[in-house]
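S.K.: Okay, sequence plus prediction incoming.
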Amino acid sequence: MSRRTLPLTDHYDVRRGEDGHRRLHPLVRGFPLLRYPLLNKGTAFTEEERVALGLDGLLAPQVDSLEALVDRQYAEYRLIADPLDRHVFLRNLQDRNEVLFYALLSAHVEEMLPVVYTPTVGLAVQKFSQIYRYPRGLTLSTRNIDRAAQALANVPLNDVRIIVATDSSAILGIGDQGFGGMAISIGKLSLYTVAGGVGPDKTLPVELDVGTGRADLREDPAYLGVKHDRLTGPEYLSFIDRFVEATLERYPKAIIQWEDFSKDAAFTVLHRYRRVVPSFNDDIQGTGAVVLAGVLNACRLKGEALKDQVVVVHGAGAGGAGVAAAIREGMRREGLSDEQIAGRVFVLDSRGLLTDDRSMEHYKKSLATPRALTEGWAGLDLESVIREGKATVLLGLSGQAGIFSEAVVRAAHTNTPRPLVFPLSNPTAFAEALPADILAWTDGQAIVATGSPFDPVTHAGVTHEIGQGNNAFIFPGLGFGAVLARVREITDPMVTAAAYALADYTQTNWPERTYPPVAELSHASIHVAVAVIRQAITDGVATEFNLRDLNDTELLTLVKRKFWQPTYLPFRTDS
Ligand SMILES: O=C([O-])CC(=O)C(=O)O
Ligand SMILES: [Mg+2]
């Protein structure tokens, strides 16, 4: 191997050998090779590789298979009791030996998702400065945004396709988290790889540290983010502009998932850039789609249609607004006019029902109910809206634990024998009600789904699985499909197609459920990706023209073939 000095951005290459098998061509050797998480195989380096790559004598004598390494790590993992400690354990593994991390995660998806993702990731966000170990991803802050292009050039990845970027202004249901939001970008991208088939070398978590509104963080000596108030207005937009510009330059094929931006910023950022760089907002669009899918399935379970429901959305942040828009689109597809829909979808914020005579942030206006429709109502608070509007579906996206009280749930139950009650706020402690309570208050009749994982509930001898209506069932497939089709833009119909694909997949394979089991995430994502590609072609935004001539089976086969699998590639040892 030649010993030229290599930029960090160029540390390996994958090529097919004469035998047709892919091999890694490392451009670093010796000890540094063990420090690249994407290249390190630990004791799985073969003897031949150890000799050829300058690793001889640096590793334990035993040569392990990936399977043996997975078993060993799993045994160690099981000795750890605390969820945050487990999260740190897995993150450290990811930063040491990335293939092993994904092999372990893939083998135990259902068990480990709550540790890598919600609810534990919420804790990891809050403790991020304390658990910070190795650097991962890209951090742009008010200190270096003027050098955004140089910062992106320093990222040691040459072909990033999926970026998850957050400004941390509204992480899950827990609000402004400053620099700690990086943990959510990292967690979302782990799902892209384990459930969405995107190789880890194609993913980049981004933290846009524009400051924090939290004085307690700014005053905490241990806090690692920039210690000033958040940028707002033109300064804020100029910051995001510079990020997008530098990203387009360095990664022209990348898609951006906007994550956990608060209210107005979520809409402003989405609309400002969605035609500049293919991008979507996970909380508005991903959550909207996943909830539409679950509500469609729940309606089917009770033998009704979506258009027969009256839906109350509690919470008017990015998630609530996205869900209301998705439900309206679903009703439109079932033939309702906008006027009819106005009497069937009610959105509330912390001040009660949004009515069009109220003053409110700009983005909320399209969610408001005409005041005339509420003529004669006893009140515009949650319980009154449920009673007066005859709500049959309660969707919680408010981050207000317990707001779906016994009185609220019983009110919905008087309108229908089987109310749909979805406390969707994350993490678990922010759920609007507990599934066991909802089932107790409705004699086991409610159909319940949550945002974070909950154990099954047994009521009067019947066990109810609690579907997880989390955008994890949408974004990995949506992003993967968009990458495979090389889309110019992510259109609204592509997002809606993802929702219907998830509903169909569930109905076909899990007819008794609102959502598939989390263990099936990757299968669900593959179906979502196929539907997204089809819709991208229909909408004229797919630039991967070869996909056009494929029939459904061929497209499915292609998506499965492109799905990244955690295996150790052999290294080239002949030079
Ligand atoms: O991360 C999750 O679990 C779902 C989500 O986007 C949110 O709650 O903001
Ligand atoms: Mg989110």
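M.R.: Done, it's in. Residues are numbered from 1 along each chain as shown. Ligands and ions are numbered 1, 2, ... in the order given.
S.K.: In stretch 468-487, which residues are buried?
M.R.: 468-487 (16 or more other CB atoms under 10 Å). Just so you know, the C-beta spots here come from the backbone N, C-alpha and C atoms, and that holds for glycine as well.
S.K.: give me the subset of those residues touching ligand 1.
M.R.: Applying CB under 6 Å from any ligand atom to the buried residues of stretch 468-487, one finds that N470, N471 fall near ligand 1.
S.K.: longest strand anywhere in the chain?
M.R.: As assigned by DSSP state E, the longest strand anywhere in the chain is strand 203-209.
S.K.: Export that strand to PDB, keeping only CA atoms.
M.R.: Presented in PDB, the C-alpha positions along strand 203-209 are these (Å, rounded to 0.1, in the frame of the first residue of the first chain):
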ATOM      1  CA  THR A 203     -25.900   9.100   7.000                       C
ATOM      2  CA  LEU A 204     -25.000  12.300   8.900                       C
ATOM      3  CA  PRO A 205     -26.500  13.600  12.100                       C
ATOM      4  CA  VAL A 206     -26.400  17.400  12.300                       C
ATOM      5  CA  GLU A 207     -26.900  19.700  15.300                       C
ATOM      6  CA  LEU A 208     -27.700  23.300  14.400                       C
ATOM      7  CA  ASP A 209     -26.700  25.000  17.700                       C
END
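S.K.: Does that strand pack against any helices or strands, and if so which?
M.R.: Packed against strand 203-209 by the contact rule (3 or more CB pairs under 8 Å, 6 or more residues apart in numbering; DSSP states H and E) you find strand 138-141, strand 162-166, helix 182-194, helix 233-250.
S.K.: quick one: the shortest one to chain centroid distance?
M.R.: In terms of CA atoms, centre = their mean, to the nearest Å, the gap separating the centre of strand 138-141 from the centre of its chain is 20 Å.
S.K.: by contact count, what packs against the helix or strand just after it?
M.R.: Sequence-wise, the next helix or strand downstream of strand 138-141 (DSSP states H and E) is helix 148-154. With contacts defined as 3+ CB pairs under 8 Å, 6+ apart, helix 148-154 has these neighbours: strand 138-141, helix 233-250.
S.K.: I'd like the next helix or strand past the last one.
M.R.: Beyond helix 233-250 in the direction of the C-terminus, DSSP H and E gives the next helix or strand as strand 255-259.
S.K.: Is ligand 1 within reach of that following strand?
M.R.: No - residues of strand 255-259 contacting ligand 1 under CB under 6 Å from any ligand atom: none, with a closest distance of 6.6 Å.
S.K.: What pairs with that strand, parallel or antiparallel?
M.R.: Paired with strand 255-259 in the same sheet, following DSSP bridges, are strand 162-166 (parallel), strand 279-281 (parallel).
S.K.: what angle sits between the first one and helix 182-194?
M.R.: So that's strand 162-166. Strand 162-166 runs at 160 degrees relative to helix 182-194, counting by axes from the mean of the first three to the mean of the last three CA atoms, to 10 degrees.
S.K.: Would you mind checking the average pLDDT for strand 162-166?
M.R.: For strand 162-166, the mean per-residue pLDDT is 98.
S.K.: ok, and what's touching it?
M.R.: 181-182, 184-185, 188-189, 192, 198, 202-208, 243, 247, 251, 254-261, 282, 479, 483 (CB atoms under 8 Å, 6 or more residues apart in numbering).
S.K.: near ligand 2, from these?
M.R.: Subset of the contacts of strand 162-166 in contact with ligand 2: D260, counting by CB under 5 Å from the ion.
S.K.: What subset of the contacts of strand 162-166 is buried?
M.R.: 181-182, 184-185, 188-189, 192, 198, 202-208, 243, 247, 251, 254-261, 282, 479, 483.
S.K.: Quick check: buried residues in the very next helix or strand once past the longest strand of the chain?
M.R.: On the C-terminal side of strand 203-209, the nearest following helix or strand under DSSP H and E is helix 215-218. For helix 215-218, the buried set under the neighbour-count rule, 16+ other CB under 10 Å, comprises L217, R218.
S.K.: And the average pLDDT for helix 215-218 is what?
M.R.: Here the average pLDDT along helix 215-218 is 98.
S.K.: Now that helix - C-alpha only, CSV.
M.R.: Extracted C-alpha coordinates of helix 215-218, given in CSV (Å, rounded to 0.1, in the frame of the first residue of the first chain):
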residue,chain,number,x,y,z
ALA,A,215,-31.1,29.9,31.1
ASP,A,216,-30.4,26.8,33.3
LEU,A,217,-28.5,25.3,30.4
ARG,A,218,-26.6,28.5,29.6
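S.K.: If you count contacts, what does that helix end up packed against?
M.R.: Using 3+ CB pairs under 8 Å, 6+ apart, helix 215-218 sits against no helix or strand.
S.K.: Please list the residues outside that helix that contact it.
M.R.: Contacts with helix 215-218, where a contact means CB under 8 Å, 6+ apart, come from G178, T212, Y223, G225, K227, H228, D229.
S.K.: Contacts only, for the nearest residue to the first one once chain neighbours are set aside.
M.R.: Right, G178. In space, and not counting its chain neighbours, G178 is closest to T212: 3.4 Å by CB to CB, 6 or more residues apart in numbering. By CB under 8 Å, 6+ apart, the contact set of T212 is S168, D176, Q177, G178, F179, R218, G225, D229, R230.
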